[in-house]
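Novice: Sequence plus the predicted model coming up.
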Amino acid sequence: MNILITGIHGFVGSNFVSALKGANNLYGLDIIMPSKEGVIKTFLWENIETISYPLQNLPQFDAIIHLAGKAHDTKNQSAAQSYFDINTGLTQKIFDFFLQSSAKKFIFFSSVKAAADSVVGDILTEDVIPAPIGPYGESKIKAEEYIINKLTVDGEQLTVDNGQLTVTMQHDSAANCQLSTVNCQLIKWYDQEDHTHFDVCADDHCQRYQGITRASTEIVKEAIHATRGQVLTYNGQICDARFSKCCGGAFEEFQYCWEDVKHPYLVKQRDSKTTALLPDLRMEAEAEKWIRSSPEAFCNTTENKILSQVLNNYDQETTDFYRWKVEYTQEELSGLIHRKTGMDFGPIIDLVPLERGSSGRITKLKIVGVRRSFTIGKELEIRRTLSETHLYSSAFVVDKKDIRLDIPSRFILTGAGWGHGVGLCQIGAAVMGAKGYSYRKILTHYFPGATIEKRY
């Protein structure tokens, strides 16, 4: 492994060399360049400025260990700004270099002073909210914040396993220290806790709730009266009755869209009564065949009379919800992803599905750019990233067109369904109603094993 160590000639760096030499190729980055046993070469800080020293002139590093910094002056004689110039500034510099390099791991040794200047009791736990006192600790926490903010999307800290990049921040306390791992992957889902000050929002997060005036038609009032006191239950517990506009012919399972919890009434199934056969759409080949075809399903309809029952006027302008296409130029897609993620990928090389749910919806998508790669999920995060508003669904396949020097000029997304696909399919339910199915039959179709109970 090729490892670059900043501050390699200091006390900690020298101990790293003793421990790692022999099994690894060690390189240094420091303000001085003396020869050192076990170190192939030491570079100066100006050598990582890509303008004056291109990346191709450097070794292909596998990991970077960042130790360099200004030590704590216990006599408080150092100028405050010097801490920020060195501890924060050098961290920014080496981390920016890391993001451009081939390295997959970045280990930052910060300081316990970044969390607190003193400890109540004997142990500093991970529950402590960082409150550094003085320029040394403040410069260290600023360095940590810079790293985390570089790997942040929509204000959420990235925390999931199996990332392509790993960033570790290790405080220098010998024991009971805080350890944070931030991987280059964002897997998030949205649930009720995402808005604690109100009950519903006018977004796909809350099924595009549009107010009481929209809901209170005469037909709705009749339905409310007829079903008053009735609830959908499973084993005596009220169901989490999710719904979306169009499942695309196959139901998605709860755990692929939200937390990893299986609900026995939110399971994979064909949206059909004529066939129960459903391929394993978690497999890429099967998902592609399914999405590129138009299998029979209740929600596979273009009848305006039925669609008008569940779609608002402006939604009825969408006629290709069961199977759809979206096309982006390279400039459109790379600009869109940059705006949505806050990360500069450069030209986009590929969009790679890493994991799909039971309906073929992508739950983990790797975005591959010239400058970096990054994995996002779950389905709503993918839809928000690949559209100015929301992509119809994350059940799609990608065709790359006009490829020059490995960079496509156009991307065509061919997809299935509208929404997350879990639970009741609104368009499919409307078709079932038009075919004469009762609401009880419709509900038990979309929520297998559930029953309707009258509770009040």
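Specialist: Cool, got the structure.

Novice: For the nearest residue to residue 33 once chain neighbours are set aside, give me its contacts.
Specialist: The shortest distance from residue 33 to any non-neighbouring residue, by Cβ to Cβ, 6 or more residues apart in numbering, is to residue 42 (4.7 Å). Every residue, glycine included, has its C-beta placed from N, CA and C. With contacts defined as Cβ atoms under 8 Å, 6 or more residues apart in numbering, residue 42 is in contact with 8-9, 27-30, 32-34, 36.

Novice: again with residue 406
Specialist: residue 349.

Novice: From residue 367, how far out is it?
Specialist: Here the criterion is Cβ to Cβ, to the nearest Å. By it, residue 406 lies 15 Å from residue 367.

Novice: for residue 421, same thing?
Specialist: For residue 421, the distance to residue 367 equals 22 Å [Cβ to Cβ].

Novice: more neighbours, the two?
Specialist: The residue with more neighbours, out of residue 421 and residue 367, is residue 421; 34 against 23, by other Cβ atoms under 10 Å.

Novice: Residue 349 falls within a helix, correct?
Specialist: No. Assessed with DSSP: H, G, I helix; E, B strand; the rest coil, residue 349 is strand; it does not lie in a helix.

Novice: What distance do you get for the closest residue to it other than its chain neighbours to residue 402?
Specialist: With Cβ to Cβ, 6+ apart as the criterion, residue 349 has its nearest non-adjacent residue at 4.6 Å, and that residue is residue 368. According to Cβ to Cβ, residue 368 and residue 402 sit 17 Å apart.

Novice: Tell me which of those two has more neighbours.
Specialist: Neighbours per residue (other Cβ under 10 Å) separate residue 368 from residue 402, with residue 368 holding more: 15 against 10.

Novice: Could you give the bridge partners of the residue lying closest to residue 446 once chain neighbours are set aside?
Specialist: In this structure, residue 446 finds its nearest non-sequential neighbour in residue 424, 4.3 Å apart by Cβ to Cβ, 6+ apart. Applying DSSP bridges to residue 424 gives these bridge partners: residue 243.

Novice: Let's see the helix or strand containing residue 5 as CSV, backbone CA atoms only.
Specialist: If you go by DSSP states H and E, residue 5 is part of strand 2-6. Extracted in CSV, the C-alpha atoms of strand 2-6 (Å, rounded to 0.1, in the frame of the first residue of the first chain):
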residue,chain,number,x,y,z
ASN,A,2,1.3,3.5,-0.9
ILE,A,3,0.7,5.7,2.2
LEU,A,4,1.3,9.5,2.4
ILE,A,5,1.9,10.8,6.0
THR,A,6,1.9,14.5,6.7
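
Novice: Go ahead and measure how far that strand is from the middle of the chain.
Specialist: Centroid separation for strand 2-6 versus its chain: 29 Å, with Cα atoms, centre = their mean, to the nearest Å.

Novice: following that strand, which helix or strand shows up next?
Specialist: Downstream of strand 2-6 (by DSSP H and E), the next one is helix 11-20.

Novice: Would you mark the buried spots in that next one?
Specialist: 13-14, 16-17, 20 (16 or more other Cβ atoms under 10 Å).

Novice: Is residue 367 part of a helix or strand, or is it coil?
Specialist: strand.

Novice: any idea how far residue 257 is from it?
Specialist: To residue 257, residue 367 is 20 Å away according to Cβ to Cβ.

Novice: if we can go back for a sec, which ones are touching the residue nearest to residue 349?
Specialist: Taking Cβ under 8 Å, 6+ apart as the contact definition, residue 368 lies against 345, 348-352.

Novice: Try it again at 10 Å.
Specialist: Residues in contact with residue 368, defined by Cβ atoms under 10 Å, 6 or more residues apart in numbering, are 164, 345, 348-352, 374-375.

Novice: Look up which residues are beta-bridged to it.
Specialist: Counting by DSSP bridges, residue 368 is bridged to residue 350, residue 373.

Novice: Select the longest helix from this structure.
Specialist: helix 135-150 (DSSP state H).

Novice: Each with direction, which strands does the strand holding residue 5 pair with?
Specialist: Paired with strand 2-6 in the same sheet, following DSSP bridges, are strand 25-30 (parallel), strand 63-66 (parallel).

Novice: avg pLDDT for that strand?
Specialist: Taken as a whole, strand 2-6 has a mean pLDDT of 93.

Novice: I'd like the distance between the residue nearest to residue 33 and residue 58.
Specialist: Look at residue 42 and residue 58: by Cβ to Cβ, they are 12 Å apart.

Novice: okay, the contacts of residue 42 in JSON lines with neighbour count and distance to residue 390 next?
Specialist: Below are these laid out as JSON lines (neighbours: other Cβ atoms under 10 Å; distance: Cβ to Cβ, whole Å):
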{"residue": "8", "neighbour count": "26", "distance to residue 390": "49"}
{"residue": "9", "neighbour count": "19", "distance to residue 390": "53"}
{"residue": "27", "neighbour count": "19", "distance to residue 390": "46"}
{"residue": "28", "neighbour count": "24", "distance to residue 390": "49"}
{"residue": "29", "neighbour count": "27", "distance to residue 390": "44"}
{"residue": "30", "neighbour count": "21", "distance to residue 390": "49"}
{"residue": "32", "neighbour count": "9", "distance to residue 390": "54"}
{"residue": "33", "neighbour count": "14", "distance to residue 390": "54"}
{"residue": "34", "neighbour count": "9", "distance to residue 390": "57"}
{"residue": "36", "neighbour count": "18", "distance to residue 390": "55"}
